[in-house]
Structure formats: structure tokens, C-alpha cells
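Asker: need a 3D model of the sequence below.
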Amino acid sequence: MATKEYRHYDHLEPILNNINGEYVKLNEDDKRRNNMVLQEVLKEILREMKKNPLFNSLFRQEFYGGSYYDGLKVSKPNEYDLDLLLDLPVNACPIITASEMPGYVKVHLENSQNFSRKKGVTYPNFALKLLDENNYLSTTKVLGWMESVLTKALNEFEILSEKGSHIKKLQTSQGTYYLGVSKQGPAFTLKINGLFDSVVVKMDIDLVPCFAFKIQELPEDPYRQNKYHAFKDEFFVVPKKPKNQDYQPRYWRLSFQQQESILIKNKGKLKPAIRLLKRLRDSSFHRSIASYYIKTIFLWEILYVDPCFWNKSLSYVFMTMLKKYQKYLEDCDIPYFWNKENNLLCYLHRDTSKNILRTIIPIIKQLETSRDLKDISFRFAQFIPESMGPPDFWNEIEDLPPERKIYE
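Answerer: Okay, here's the model as predicted:
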């Protein structure tokens, strides 16, 4: 790579670093406080959930995944994704097979009647609670069962009536919290509003039931051939239905969160560039583009580029990936990293893709051609929520030597 090419965006560097540091990167005090609240609340809820014998038997641990724990969260640390990892007993003989939808599998229990976790302990209603009539693990039944377990656990806390809804009150040694719950897709979202050490805390925790399996249990298809499984020897299946497909309760989405966390680790400017692209996505109202789709673009790029690419300037990495984002939108195709036959944008209407491109292309064009820092700074103001006010880059920029203000 010629020096001139990767220094082409040097004039953007102070602006991007300022945005990343002041408006995108998470506040450390907020992170510490909210993590303590999360641990307090989760401990109490899981204690109540474990009173359900079947949940207590299946539950292994909580897995902290999603943008926050990958270091990709933008704005405030007030949303958390937690997988509740469940293990099916070996003697139930779970067999995983590929489904008709790439990226999704079916889980069949060959010996569902012999369901036991501990010697002498059986659960005769297991098949009715979690399996369909042919002993396939059912997403609808698992989610219904999980909802009942969580609801009963929350009902153990004090219930307050407010505007026709029931709010749960949880009192701990360090705080008082008011809890509500909503449901979207496979997640049960705990909405927390309270006081921790006299500081107001508002946060959402998404709880998703997942089943964990060993890599060796993957079906014989493209997944097994992927060398990145060597990083971690487990994968998860999530009760998330495919988009734009007839609903199939037997379809479970594959999840390789542990492997992805290893892949994006220690990659220089990769994470800051993802955060900036997500901020641009948010400020431009690209609601159809999930954070995972942006992350997937970067996962593919890890395969294609020299590892040294991620150690270039943030401005160069960001602009390169912004143009990659444009190309994927033009193709209306972001292949799932773990099975490229699954297009993550298969549901996206062409008109929607064109509308998103109408916001991206002018930004790229202006950043490619303009050397007016004031003009550029106003363009980057899109990254910043209105509540935070306009960007204040000029103190930093005016102190730079002339040759660093505009790259010739």
C-alpha cells in the first residue's frame, strides 16, 4: 500500500479521534456503576428462576455477549445482552441437523423419554414443555416456558401498580430498583429504573435462552470446515426465527459469539471504526441495518486484508470500511460469516437499500474531495446526538501544524 493512499485521510484524523473519544466511547464511571447494578439484579432474578426444577437442571451459566462485551457499544452503557446458557442432557441424545435455511439448524432428541440430569431425578413433563410432537426442540415452546419461569421469578418481588401495569420492586443492600419486562423476538428485556448509591440508573438487560453444544456436534456442512472453531470448542443455538420465511418453530439460529470475540480482538482500529460506523448508522436512521450486520462486514474483511491494515490510521480504516459498507448495500447482500449462503439482507427491500445509499454516498463523496475542515466538521456532526450539542473540534485542530491540517 502506497504511503500516499493510506495518508489520504490524515486531515480527518483529529475529528474522528475527537468523536470516538468524546461522543462514542463509553464513560468508565457509568460502566462500573451499571455493571454493579446488573450483577445485583441478575443475581436476585436467577436465584428465583432456579426455584424452577427444570430451569435449575438445564441452566449452566450466563454468557455476557453483544456489543457491550465486545467493546462495540456506542453512546451509553445502558443496554446489555445476556445469554442464559442451557445444556441438554447427554442421555437424551440430542442430534443437530441442518435446516432448509442456511445458518439455522434443527435439534432432535433421540431419547427424550430418558431425560434426567441427576441420578434418580426425572422430569416427565419435559417433552410437553420444550419439544414438538416429533421430539424436536421447539423455539415457541422454549420461549413460552422461559417466559413463565421469568414471570414467576419476578412475581416474588414486591409488586407496585402504576398506570395499569405491574412494576416489580427489588431492594438490595446498595440500591432500590423498579423492574418491568417486555418481549421482542427471542429476548426478554428487563427494564430497570432505580437508584444505586444515590445515582439514578436506567438500563435494559436482554435475556435470551440459548442451548450450548460442542463444535463436534455441528452437522456436516460448511460450518465444520471453518478453522476459527479452534479458538473455542462450543457454539450456541438461539430461538430466533429467520426473516421473510415461513415460521418454523424447529429452526434455531446458530451463534458463534465466542469465536467472533476472538476474531475481532487486538485488531488495532477495528473496534473504533465499527463504533464510528454504528454511530453514523444511528444518526442517519438506517434502522434496517442491525449492529451485527456491520460487525459481519468487518469479520469478512479480517479474512481479506493484511493484519497490518488494522494498525493504519483510524481515518483510513474508517473510510475504507465505509466504502465497503456502501458496496454491500449496493449488492443488497451481506453474507453470514459462518455460512455465506445466508444473506443477512435478504429481507431488505431494494428501495430501502437505495434510500440508505442516498445518505451514505454524499458523505463519502464529500470526505473524499473536500479539504475544508469546517465543512467536514459539520458533516461529522451527524455522528453526535442533538442532546450532546455541536462538536467542538477547533481547539485541537487550530493547534495542529499546517501540514497536518490539510494533506496535500
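Asker: all contacts plus neighbour counts: C-alpha atoms, from now on.
Answerer: OK.
Asker: which residues in the stretch 101-250 of the chain form helices?
Answerer: For the stretch 101-250 of the chain, helices defined by DSSP state H, counting those that start in this stretch occupy the ranges 126-130, 139-154.
Asker: could you export the last one as PDB, CA atoms only?
Answerer: Taking C-alpha atoms only, helix 139-154 is exported to PDB below (Å, rounded to 0.1, in the frame of the first residue of the first chain):
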ATOM      1  CA  THR A 139     -38.500 -22.300  19.700                       C
ATOM      2  CA  THR A 140     -42.100 -21.300  20.600                       C
ATOM      3  CA  LYS A 141     -42.300 -23.800  23.400                       C
ATOM      4  CA  VAL A 142     -38.900 -22.900  24.900                       C
ATOM      5  CA  LEU A 143     -39.700 -19.200  24.800                       C
ATOM      6  CA  GLY A 144     -43.100 -19.800  26.300                       C
ATOM      7  CA  TRP A 145     -41.600 -21.900  29.100                       C
ATOM      8  CA  MET A 146     -38.900 -19.300  29.700                       C
ATOM      9  CA  GLU A 147     -41.400 -16.500  29.900                       C
ATOM     10  CA  SER A 148     -43.400 -18.400  32.600                       C
ATOM     11  CA  VAL A 149     -40.200 -19.100  34.600                       C
ATOM     12  CA  LEU A 150     -39.100 -15.500  34.400                       C
ATOM     13  CA  THR A 151     -42.600 -14.200  35.200                       C
ATOM     14  CA  LYS A 152     -42.900 -16.300  38.300                       C
ATOM     15  CA  ALA A 153     -39.400 -15.300  39.400                       C
ATOM     16  CA  LEU A 154     -40.300 -11.600  39.100                       C
END
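Asker: Cys56: neighbour count?
Answerer: Actually, residue 56 is Asn rather than Cys. The number of residues packed around Asn56, counting by other Cα atoms under 10 Å, is 16.
Asker: residues contacting it?
Answerer: By Cα atoms under 8 Å, 6 or more residues apart in numbering, the residues touching Asn56 are 49-50.
Asker: over to the one 5 residues further on?
Answerer: Under the criterion of Cα under 8 Å, 6+ apart, the contact list for Gln61 reads 84-86.
Asker: can you give me the pLDDT of it?
Answerer: On pLDDT, Gln61 comes in at 93.
Asker: what about Gln216, how many residues nearby?
Answerer: For Gln216, the neighbour count with other Cα under 10 Å is 12.
Asker: cool, and Leu303?
Answerer: Neighbours of Leu303 under the rule other Cα under 10 Å: 10.
Asker: contacts only, for Leu299.
Answerer: 260, 263-264, 337.
Asker: next, the buried residues of the helix ranked longest in the chain.
Answerer: In the chain, taking DSSP state H as the definition, the longest helix is helix 28-49. Going by neighbour count (16 or more other Cα atoms under 10 Å), the buried part of helix 28-49 is 34, 37-38, 40-42, 44-46, 48-49.
Asker: and Asp83, how far from Glu62?
Answerer: Distance, Asp83 to Glu62, using Cα to Cα, to the nearest Å: 6 Å.
Asker: which one's more surrounded, these two?
Answerer: Neighbour comparison, Asp83 and Glu62: the larger count goes to Asp83, with 20 against 17 (by other Cα under 10 Å).
Asker: now for the helix or strand harbouring the more buried one, which elements pack on it?
Answerer: Element membership for Asp83 (DSSP states H and E) is strand 79-86. The contact analysis (3 or more Cα pairs under 8 Å, 6 or more residues apart in numbering; DSSP states H and E) places strand 79-86 against strand 59-65, helix 66-70, strand 199-214.
Asker: coming back round to it: output the helices of the stretch 101-250 of the chain in a markdown table; the columns should cover distance to His11, mean neighbour count and mean pLDDT.
Answerer: Output for the helices of the stretch 101-250 of the chain, formatted as a markdown table (distance: least, Cα to Cα, whole Å; neighbours: other Cα atoms under 10 Å; pLDDT from 0 to 100):
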| stretch | distance to His11 | mean neighbour count | mean pLDDT |
| --- | --- | --- | --- |
| helix 126-130 | 57 | 16 | 79 |
| helix 139-154 | 51 | 18 | 92 |
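Asker: in a markdown table: those, plus distance to Tyr304.
Answerer: Formatted as a markdown table, the helices of the stretch 101-250 of the chain follow (distance: least, Cα to Cα, whole Å):
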| stretch | distance to Tyr304 |
| --- | --- |
| helix 126-130 | 42 |
| helix 139-154 | 36 |
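Asker: for those helices, which one sits closest to Asp70?
Answerer: helix 139-154 (25.6 Å; Cα to Cα).
Asker: ok, and what's touching the closest one?
Answerer: 45-46, 48-49, 52, 55, 129-132, 168, 186, 188, 209, 239-240, 249-252.
Asker: list buried residues within the residues you listed.
Answerer: 45-46, 48-49, 55, 129-132, 168, 186, 188, 209, 239-240, 249-252.
Asker: what are the ranges of the strands in the stretch 251-400 of the chain?
Answerer: Remark: strands assigned in the stretch 251-400 of the chain by DSSP state E, counting those that start in this stretch are 252-255, 335-336, 339-343.
Asker: now Lys73, what's its secondary structure?
Answerer: On the three-state scheme (DSSP: H, G, I helix; E, B strand; the rest coil), Lys73 is labelled coil.
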